[in-house]
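J.: Starting from these lines, generate the structure:
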Amino acid sequence: MTTPQRRPITRRPRMVPFLATGALIGLIVGVLLAYFGPASPYASPAQEMIVMAVPGALVGGLLGGIIYLVAERFTRR
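T.: The predicted structure follows:
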């Protein structure tokens, strides 16, 4: 009787948590930059937060996607 061959079980990372976490961190960084940065005489504080938070979330999501690709590349298959 032969013994069964063992295979390593690996889990691949999921993309959505990486993207969501990156976007959330970028959003928070953008809001903090707008809140603690210098005040603009031409925009309200809410407008400054929106202007900084949206690009921050986009850049954070992009960085989260890049980190996902790196993590997926180095998982065993």
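J.: rest of the way, CA atoms for contacts and neighbours
T.: Will do.
J.: Could you tell me which ranges of this structure sit under the pLDDT cut-off?
T.: Low-confidence segments of the chain, defined by pLDDT under 70: 1, 76-77.
J.: Glu72 versus the residue most central in space within the chain, what's the distance?
T.: Residue closest to the mean C-alpha point of the chain, counted by CA atoms, centre = their mean, is Gly22 at 1.3 Å. Note on Gly22: its distance to Glu72, by CA to CA, to the nearest Å, is 16 Å.
J.: Next: Ala39.
T.: In terms of CA to CA, Ala39 sits 42 Å off from Glu72.
J.: Please say which of these two ends up with more neighbours.
T.: Set side by side, Ala39 and Glu72 show more neighbours around Glu72, with 16 against 12, by other CA atoms under 10 Å.
J.: Please, which helix or strand holds that one?
T.: Using DSSP states H and E, the element containing Glu72 is helix 45-73.
J.: repeat for Ser40
T.: Residue-wise, Ser40 maps onto no helix or strand under DSSP H and E.
J.: show me what contacts it?
T.: Glu48 (CA atoms under 8 Å, 6 or more residues apart in numbering).
J.: Give me the distance between it and Phe18.
T.: 33 Å.
J.: Equivalent analysis for Arg7, please.
T.: As judged by CA to CA, Arg7 and Phe18 stand 27 Å apart.
J.: Neighbour count: the two, which is higher?
T.: Set Arg7 next to Phe18 and count neighbours by other CA under 10 Å: Phe18 wins out with 22 against 6.
J.: The more buried one against Val70, yeah?
T.: No: counting by CA atoms under 8 Å, Phe18 stays clear of Val70, with 11.2 Å between them.
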